[in-house]
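Visitor: would you be able to build a 3D model of this:
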Amino acid sequence: MAEVCLFEICGQILFRGIATAVIYTIDKQIVQRRDVLVRYGRQVQKTLDLPDCICVFTAEDPGMADDDIRLAGMFLSFSLFFACLVTFGRVSSRGTIWDPYVLGFGVVNPVCTFILVWLMLILAKRRRLRGDMRYRTLEEDMNSVWTCM
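Guide: Predicted coordinates:
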């Protein structure tokens, strides 16, 4: 019983430490460079000739809110982290890449997370264009991440 409790406490400390490091890195390396991200995003949208209904960057400034960039970065980072962790563990133990867990966590999980993040960014863009400019704080973003996990 005590070993399970110790394992759970150590796991929570490790997970929250990694989550804090990821959030800090996203905030300092990506969110602060929002202008560059928005400029390249608009160029990619224009190059791909995407319809306006599925574009995530608006033509008006700021293009995308900081909280949307932060939340998208967190979800994609955690999804790719878990995909790499499970894929490495299963391939090293089984020796094959065609394991169902490898395909599920390594391919399907990141693709589904990317699609969900894209939809979230589309809805955030629509909300921004309607004029509903209610920005979430970092604490609200983290509460939504903790409830999802």
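Visitor: and the residue positioned nearest the centre of the chain, what's its pLDDT?
Guide: Nearest to the mean C-alpha position of the chain, by CA atoms, centre = their mean, lies residue 75 at 2.3 Å. Residue 75 is assigned 91 on the pLDDT scale.
Visitor: I figured it hits residue 113, correct?
Guide: Yes - if you go by CB atoms under 8 Å, residue 75 and residue 113 touch, sitting 6.0 Å apart. All C-beta spots, glycine's among them, are computed from the backbone N, C-alpha and C.
Visitor: next one: the helix or strand harbouring the residue nearest to the centre of the chain to chain centre, how far?
Guide: Using DSSP states H and E, residue 75 sits in helix 66-94. With CA atoms, centre = their mean, to the nearest Å as the basis, helix 66-94 stands 8 Å off its chain's centre.
Visitor: against which helices or strands is that helix packed?
Guide: Helices and strands touching helix 66-94, by 3 or more CB pairs under 8 Å, 6 or more residues apart in numbering; DSSP states H and E, are helix 2-29, helix 34-48, helix 100-103, helix 109-130, helix 138-148.
Visitor: can you count the residues close to the nearest residue to the residue nearest to the centre of the chain once chain neighbours are set aside?
Guide: Leaving aside its chain neighbours, residue 75 sits nearest to residue 117 (5.4 Å; criterion: CB to CB, 6 or more residues apart in numbering). Neighbour count for residue 117, taken as other CB atoms under 10 Å: 19.
Visitor: any idea how far residue 117 is from residue 90?
Guide: Going from residue 117 to residue 90 by CB to CB, to the nearest Å gives 24 Å.
Visitor: can you list the buried residues in the helix holding residue 75?
Guide: By neighbour count with 16 or more other CB atoms under 10 Å, helix 66-94 contains the buried residues 66-79, 82-83, 86-87, 90-91.
Visitor: where in this protein is pLDDT low?
Guide: Low-confidence segments of the chain (pLDDT under 70): 1-2, 133-149.
Visitor: burial measure for residue 57, as a count.
Guide: Neighbours of residue 57 (other CB under 10 Å): 21.
Visitor: got the phi and psi for it?
Guide: When read as degrees, to the nearest 10, the backbone of residue 57 gives phi -100, psi 130.
Visitor: isn't it up against residue 35?
Guide: No - using CB under 8 Å, residue 57 makes no contact with residue 35, being 11.6 Å away.
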